[in-house]
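Participant: What follows is a predicted protein model with its sequence.
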Amino acid sequence: MKAAACYTSAVLPVADPPKEGSERVLVRVQAVSGLSFATFLALHLANSVAASLGPESYDALMARLRGYYQTPLVEILAVGASGAVHVACGLARLRNRRRRAREQRRAGRAPVRAPLWLRVHRLSGYFLLLVIVGHVLATRGPGLFLDQPADFSYLTFSLTTWPAAFFPYYFLLFSSGTYHLMYGAGQALRVFGLRPNLAPHSSRLAAALFGVALLGGVAGILAMGGILAEPDTSRFGEFRALYERYAPFMVTW
């Protein structure tokens with residue numbers, strides 16, 4: 001009984017205690033799948049920061065990283081399957097939270113509101129879930145199906161063609177991914193008895209790392225958007241033809 005109590009207090013916030021054995025299983029499966037997917041997400045975010053050093057650095061690093069995460073076994077298991085399992089567990093836990101909240105209201109008790117930092121984590125996950133399919137199709141699809149892998153100039157094309165949409169989108173994508181990674185990895189490691197202070201709210205060091213990552217991400221986005229240096233437009237005709245064929249609804253020029 002004491003061990004179970006320690007497990008509950010260490011793994012989940014007081015606002016969201018597991019009341020069933022199935023919830024503990026979901027927590028563990030979500031932790032394992034999240035850590036597996038994090039091996040890709042951390043590299044992906046680091047590559048975005050590298051964009052601040054220019055197209056050569058970005059494309060060179062991406063070529064090396066793709067040698068790992070686009071290996072068929074890694075891409076299928078550590079990226080695709082882990083991501084799908086992580087999402088499924090998250091949706092199942094969301095359903096459980098809503099069920100418990102309804103039960104508490106019927107019993108005349110107000111549901112306990114989760115702390116702000118946990119609500120931000122969940123919101124970042126919902127945003128990532130909302131955009132992930134489109135992001136994968138737009139960035140992985142051309143390389144996988146058309147032999148036109150995305151590179152620095154491909155992202156520059158998107159940012160310079162639709163700046164009002166893509167600058168906010170990429171900032172939200174990077175900041176949500178970074179926060180979800182840092183907080184989620186910390187919580188996942190706690191499931192297995194480790195207690196790192198990775199969440200941005202948990203320590204000055206974590207907050208500083210989060211701030212530095214955000215600055216690096218903003219610099220990378222500005223570089224890709226042609227703000228820090230004159231953009232290379234030599235492949236824009238190729239990308240324009242790609243959009244005209246497969247996403248004509250986005251062609252606005």
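Facilitator: Received the coordinates, thanks.
Participant: Isn't residue 219 up against residue 52?
Facilitator: Yes. Taking C-beta atoms under 8 Å as the definition, residue 219 is a contact partner of residue 52 at 3.6 Å. Where C-beta positions appear, they are placed from N, C-alpha and C, glycine not excepted.
Participant: So for these two, which residues contact both of them?
Facilitator: Common neighbours of residue 219 and residue 52, using C-beta atoms under 8 Å, 6 or more residues apart in numbering, are residue 228.
Participant: Kindly export stretch 236-253 (C-alpha atoms) in PDB.
Facilitator: Once non-C-alpha atoms are left out, stretch 236-253 reads as follows in PDB (Å, rounded to 0.1, in the frame of the first residue of the first chain):
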ATOM      1  CA  PHE A 236      11.100  28.200 -55.600                       C
ATOM      2  CA  GLY A 237       9.700  27.300 -59.000                       C
ATOM      3  CA  GLU A 238      10.000  23.600 -58.200                       C
ATOM      4  CA  PHE A 239       8.200  24.100 -54.900                       C
ATOM      5  CA  ARG A 240       5.500  26.300 -56.500                       C
ATOM      6  CA  ALA A 241       4.800  23.500 -59.100                       C
ATOM      7  CA  LEU A 242       4.600  21.000 -56.200                       C
ATOM      8  CA  TYR A 243       1.900  23.100 -54.500                       C
ATOM      9  CA  GLU A 244       0.000  23.800 -57.700                       C
ATOM     10  CA  ARG A 245      -0.300  20.100 -58.300                       C
ATOM     11  CA  TYR A 246      -0.900  18.700 -54.800                       C
ATOM     12  CA  ALA A 247      -2.300  21.600 -52.800                       C
ATOM     13  CA  PRO A 248      -3.800  24.100 -55.300                       C
ATOM     14  CA  PHE A 249      -6.000  25.500 -52.600                       C
ATOM     15  CA  MET A 250      -2.900  27.100 -51.100                       C
ATOM     16  CA  VAL A 251      -1.700  28.800 -54.300                       C
ATOM     17  CA  THR A 252      -2.400  32.500 -53.700                       C
ATOM     18  CA  TRP A 253       0.000  34.200 -56.100                       C
END
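Participant: What pLDDT does the model give the nearest residue to residue 146 once chain neighbours are set aside?
Facilitator: The shortest distance from residue 146 to any non-neighbouring residue, by C-beta to C-beta, 6 or more residues apart in numbering, is to residue 242 (7.3 Å). Note on residue 242: pLDDT of 89.
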